[in-house]
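Peer 1: kindly generate the corresponding structure for this input.
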Amino acid sequence: MVQWGCPKRIKIDNGLPLVSGGNKDIPTLTQLWWIGLDIEVKLNDANVPQQNGTVEGLQGICFRWGNPAAYNNLESFQQRIDETTRIQREVYRIRRKKDKTRRELYPELWQNSRRYDPRSFNIQRVYDNLATRIWERKVNKGGNFQFWATVIYIGPKFENQTVTITFDPLEKHWFIRAKDGRLLRTYTKEFFTEEQILKHAGISKN
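Peer 2: Numbering: from 1, shown residues only. Reported below is the predicted structural model:
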């Protein structure tokens, strides 16, 4: 991102490590970091890689052009990949696009208009994003359900019922409600902190 700036959105598949393996609707620390940088995160539908066909195709091209089997150390291979991407973007001409290079087609990408600055991370963007979501969980016979890798108890009388979870971005509280909207519990535990997100991204808050 230092070279190209922050994209407006990132579209990813439904697999590790960018998506949680157990609960795909729970954002990972990486996703929270992107959101805090004002990047929209979009997930493909599960098992439909065609929704990101351009990226999937590019990976195949870079693999063939880069030929990793020809290199015995990471540094040499990285140099090869850097040159491969330069050719793909600045030399290779696309017939269906009037024989223009990608640099000619998208000159604004080289202007780095959304310059990356780790200090631009804003935890309130994360809170506001979570406030737009609604999660559903089914209560087990012990009166528990799991959310954000945490077991939450609301009582056995709600066994087999589905509850909804929402987030208040001002109070930083989680509201657990019955399907009819009745409030069952307010949960105040922090599932993540700003420090955890930044540490995961390799950034010091100070």
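Peer 1: I'd like the next helix or strand past the helix or strand of the chain with the lowest mean pLDDT.
Peer 2: Ranked by mean pLDDT, DSSP states H and E, the weakest helix or strand in the chain is helix 53-66, scoring a mean of 82. Once helix 53-66 ends, the next helix or strand along the chain (criterion: DSSP states H and E) is helix 74-90.
Peer 1: residues making contact with the helix or strand just after that next one?
Peer 2: Next helix or strand after helix 74-90 toward the C-terminus (DSSP H and E): helix 102-105. Here helix 102-105 makes contact (Cβ atoms under 8 Å, 6 or more residues apart in numbering) with Gln88, Arg89, Glu90, Tyr92, Ile94, Lys97, Leu109, Trp110. C-beta here means a position set from N, CA and C on the backbone, and glycine is covered the same way.
Peer 1: isn't Tyr153 up against Phe147?
Peer 2: No. Using Cβ atoms under 8 Å as the test, Tyr153 is too far from Phe147 to be in contact (11.3 Å).
Peer 1: neighbour count winner among those two?
Peer 2: Higher neighbour count among Tyr153 and Phe147: Phe147, with 19 against 12, using other Cβ atoms under 10 Å.
Peer 1: kindly state the beta-bridge partners for the more buried one.
Peer 2: Beta-bridge partners recorded for Phe147 (DSSP bridges): Thr150.
Peer 1: am I right that it is in contact with Lys138?
Peer 2: No. Look at Phe147 against Lys138 with Cβ under 8 Å: they stay out of range, at 11.2 Å.
Peer 1: so which residue is smack in the middle of this structure?
Peer 2: Gln31 (3.2 Å; Cα atoms, centre = their mean).
Peer 1: what is the helix or strand hosting that residue packed up against?
Peer 2: Here Gln31, judged by DSSP H and E, is contained in helix 29-36. Packed against helix 29-36 by the contact rule (3 or more Cβ pairs under 8 Å, 6 or more residues apart in numbering; DSSP states H and E) you find strand 40-43, helix 123-130, helix 194-200.
Peer 1: which one of the ones you listed lies closest to Arg185?
Peer 2: helix 123-130 (17.4 Å; Cβ to Cβ).
Peer 1: residues contacting Thr162?
Peer 2: Glu136, Arg137, Lys138, Val139, Lys179.
Peer 1: what comes up buried for the helix or strand hosting the second one?
Peer 2: By that I understand Arg137. Using DSSP H and E, the element containing Arg137 is strand 135-138. Buried residues in strand 135-138, defined by neighbour count with 16 or more other Cβ atoms under 10 Å: Trp135, Arg137.
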